[in-house]
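Asker: Just need the structure, nothing else, for what follows:
(2 chains)
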Amino acid sequence: MADTLPTLPGTTTEPAPAPAATRPTTLSRVLAHPLVWPVLALVVLLVVNVVANPSFLEVRLQDGHLFGSLVDIVRNSAPILLVATGMTLVIATRGIDLSVGAIAAIAAAIACTQIFDSAAQGGVGTAVLACTTALAVCVALGLWNGFLVSVLGIQPIIATLVLMVAGRGLAMLVTDGQITTVTNDTFSALASGFFLTLPIAFIIAVGVYALTALLTRRSALGMLIEAVGINPEASRLAGVRARTIIWTVYVFSGLCAGVAGLVVAANTNSVNANSLGLWIELDAILAVVIGGTSLAGGRFSLTGTLVGALFIATLARTIPNIGIPVEANYLFKALVVVLVCLLQSPRARAALRSRLTVRSSKGATA
Amino acid sequence: MSTATARTTPGTAGAGSRPTAWDRVRTYTPASQYLPVIATTALFLGMFGVGGARYDGFTDPQVFLSLLLDNSFLIVLAVGMTFVILTGGIDLSVGSNLALSTVIAAKTLEMGWSPYLTVATVLMVGTTLGIAMGLLIHYFDIQPFIATLAGMFLARGLCYLISVDSIPIADETFQSWAFSTTTLPGGYYLGRTAIVAVATVAVAAFVLARTRFGRTVYAIGGNESSALLMGLRVGFTKVGVYAISGFCAAFGGILFSLYTLSGYSLNAVGMELDAIAAVVIGGTLLTGGRGFVVGSFVGVLVLGVIQTFISFDGTLSSWWTRISIGVLVLVFVVVQRLMTRRAS
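Answerer: Numbers count the residues shown, from 1 in each chain, chains lettered A, B, ... in the order given. This next block holds a predicted model:
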């Protein structure tokens, strides 16, 4: 009887248990790994690039920095990786944060306006102070989102929609509707600087990512987040502070979005509150989904998110590289979303599997 | 009824045992499902009143008629979105779908197609996109959020593929549609597109309230599993609401292209948020199952009044629109939450 009902979220994305009798071969074990498809897709993209442009993989050292398409890709993937890291944890609690684009815009607006208004516009201290202020505001915005979700119990998608709608208005309020341009070497180094031959933006993103991975996978935090994602009420009864954890992930997401906003603004040394970080929330969600984290919550893969973010950045680079107009990027993203979702959809998988087993084996039992 | 009478009798100092007409008015409480719509309407009237008190000419009926004309496309979008949200889903693709429709309309007219063929093509493309998303959502259990996100990217990408630049519409039939107005008594005039939008609301309200399809929409939003066990056509209806939303987006796109007489791939960025906001402000429950298309209509009018306020004031900047929409959504969502919490 239960079979006729739509499957419950959380139970749907489990990989099918392998038949107990047969020992899985190395190949089948590798193929069953959730990261195989994202990594394979990334490799395919890289191969396409190399075919289109044989010098694609070339990385050369120039003026003490690394240069090349690959370096550009990792540099451009920084904002999305940052946002996606925070988003992964939010999604793991069965939530979603739509406001990250708006928060990024607000962070950039605050930082740029403050640098612009400062007496010493080029000073190191000015940049540090401006960025700190911006991030503090982002923490406050994250607290606000967390309050709506964990205390008032509003659906995450709606709770964060409020800030998604209002946030850009707030950012415009800060910049007074102007495109604020700043000249501050410390600030622009956030995006274009290099440290130990690597882009600083990427170092920041990987730093945040590594710290998150360490915190969630080397302590009980990750497990607690997953527990809350599976059943907040049950985990609360089991002694997990579900409310605090939910609150924390939204604050963290807001903070990550703020850093991403600063990096994006530093890239152009300016902020346009209307377009900065536009649709970055959707890209981040896409990266998380590509990485194999289920939107139903309760399970997350930070490694998958890293691959997903790199995939999206590579895709953005591939489109012009193979001679398709840049604008078609959206079209390919759409195809990727559909393909990934179909691959993850239990029903599509079941249909595929039954077709394969019918053809290849006779001893298969249900 | 009798208990209500008994309760009111002592207060009405010797009025007898029968309730007077005034008692009946005084003790009348509307059915709880109409409360959000009534609240939204009261909000709209209140804002209109405040505007009338503050600014000269705000309460001129022509302002209200312009409100309808300026928001005709959003009204149509909100109608489609209401269907989707009533089933507990969401459609993020409507803004991009609308932009795609304007681009297709402008491009085909530029190529010399008959305007009727253009309209038919646009409606067909939009509806097909909606159906495709509905199929993904229902038959592959893909979350509406993600499936329509893909639809959003797809439509936007197609826009850019067709044309990156804005294409003007020079077609005479389209121009005559765009400028045709109906003169009302008193010298006021109303654009035909606004009439079409209001008619869409009426048709949608009828479908939701009086047809089997409409009842199924509410049933799915109430509890999909129950609807399935009751033998309702859940699959057909779920795909149907996304088809309706896609159709409405394409239809809104035609109204939009009549409004601006051009097609542009950057049209309506973020308009899906406005549509969702209008539905929320109109009192439809985001978890599905409760709400009215008329509420969404009034929700759009509330958003429109905010805009009118800002243009009448002159000192406020346009970004206050977004901030006030956000605040309104917040208020309505919190109130909804408190009401449902008390109910459960």
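Asker: Spell out the residue ranges of the helices in the stretch 201-350 of chain A.
Answerer: A:221-230, A:232-237, A:242-268, A:280-290, A:302-321, A:329-344, A:346-360 (DSSP state H, counting those that start in this stretch).
Asker: same question, the stretch 51-200 of chain B
Answerer: B:61-70, B:72-86, B:94-110, B:115-139, B:144-162, B:172-179, B:192-210.
Asker: now for these, which one comes closest to A:Ile204?
Answerer: Of all these, it is helix B:144-162 that lies closest to A:Ile204, at 27.3 Å by CB to CB. To be clear about C-beta, it is placed using only N, CA and C from the backbone, and glycine gets the same treatment.
Asker: Up against chain B, what does the stretch 151-300 of chain A have?
Answerer: A:152-155, A:157-159, A:161-170, A:172-173, A:176-177, A:273, A:278, A:282, A:285-286, A:289, A:295-296 (CB under 8 Å from any CB of the partner chain).
Asker: Spatially, what comes nearest to whichever residue of the stretch 201-344 of chain B sits closest to chain A if we skip its sequence neighbours?
Answerer: With CB to the nearest CB as the measure, B:Gly326 is the residue of the stretch 201-344 of chain B nearest to chain A, at 2.4 Å. Closest residue in space to B:Gly326, ignoring its immediate chain neighbours: A:Ala166 at 2.4 Å, by CB to CB, 6 or more residues apart in numbering or on different chains.
Asker: Wait, that neighbour touches B:Arg322, no?
Answerer: Yes. Between A:Ala166 and B:Arg322 a contact is recorded at 5.9 Å, counting by CB atoms under 8 Å.
Asker: which of the helices of the stretch 201-350 of chain A is buried the deepest?
Answerer: helix A:280-290 (a mean of 27; mean count of other CB atoms under 10 Å in any protein chain shown).
Asker: now that one: mean pLDDT?
Answerer: Helix A:280-290 comes out with an average pLDDT of 90.
Asker: So which other helices or strands are in contact with that helix?
Answerer: Under the contact criterion of 3 or more CB pairs under 8 Å, 6 or more residues apart in numbering or on different chains; DSSP states H and E, helix A:280-290 touches helix A:69-92, helix A:100-117, helix A:302-321, helix A:329-344, helix B:144-162.
Asker: Distance to B:Val302 and mean pLDDT for those helices - can I get that in TSV?
Answerer: TSV is the format used below for the helices and strands packed on helix A:280-290 (distance: least, CB to CB, whole Å; pLDDT from 0 to 100):
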stretch	distance to B:Val302	mean pLDDT
helix A:69-92	30	91
helix A:100-117	22	93
helix A:302-321	37	90
helix A:329-344	31	83
helix B:144-162	24	90
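Asker: Looking at A:Ala166 and B:Arg322, which one has more neighbours?
Answerer: The residue with the greater number of neighbours, taking A:Ala166 and B:Arg322 and applying other CB atoms under 10 Å in any protein chain shown, is B:Arg322; the counts read 26 against 23.
Asker: show me what contacts the more buried one?
Answerer: Applying CB atoms under 8 Å, 6 or more residues apart in numbering or on different chains to B:Arg322 gives the contacts A:165-166, A:168-169, A:172.
Asker: mind listing which of these are in helices?
Answerer: Under the assignment DSSP state H, those contribute A:165-166, A:168-169, A:172 to helices.
Asker: Closest one of these to chain B?
Answerer: Checking those against chain B by CB to the nearest CB gives A:Ala166 as the nearest, at 2.4 Å.
Asker: That closest one and B:Trp113: what is the separation?
Answerer: To B:Trp113, A:Ala166 is 41 Å away according to CB to CB, to the nearest Å.
Asker: Distance check, the spatially most central residue of chain A against B:Leu65.
Answerer: The geometric centre of chain A, computed from its C-alpha atoms, lies nearest to A:Ala84 (CA atoms, centre = their mean), at 1.5 Å. With the distance defined as CB to CB, A:Ala84 ends up 47 Å from B:Leu65.
Asker: Can you name the residues that contact the residue nearest to the centre of chain A?
Answerer: Under the criterion of CB under 8 Å, 6+ apart, the contact partners of A:Ala84 comprise A:283-284, A:287-288, A:291, A:305, A:308-309.
Asker: can we see that at 10 Å?
Answerer: For A:Ala84, the set of contacting residues under the criterion of CB atoms under 10 Å, 6 or more residues apart in numbering or on different chains consists of A:77, A:91, A:100, A:205, A:209, A:253, A:256, A:260, A:280-281, A:283-291, A:293, A:302, A:304-306, A:308-309, A:312.
Asker: and for A:Ala166 and B:Arg322, which residues touch both?
Answerer: With contacts defined as CB under 10 Å, 6+ apart, the residues adjacent to both A:Ala166 and B:Arg322 are A:102, A:173.
Asker: picking up where we left off before, save the contacts of B:Arg322 as TSV, and put in pLDDT and distance to B:Gly57 too.
Answerer: Below are those laid out as TSV (pLDDT from 0 to 100; distance: CB to CB, whole Å):
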residue	pLDDT	distance to B:Gly57
A:Val165	88	29
A:Ala166	92	29
A:Arg168	89	31
A:Gly169	91	27
A:Met172	91	28
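Asker: Buried ones among those?
Answerer: For the contacts of B:Arg322, a neighbour count by 16 or more other CB atoms under 10 Å in any protein chain shown gives the buried set as A:165-166, A:168-169, A:172.
Asker: Name all residues that make contact with B:Leu45.
Answerer: For B:Leu45, the set of contacting residues under the criterion of CB under 10 Å, 6+ apart consists of B:298, B:301, B:305.
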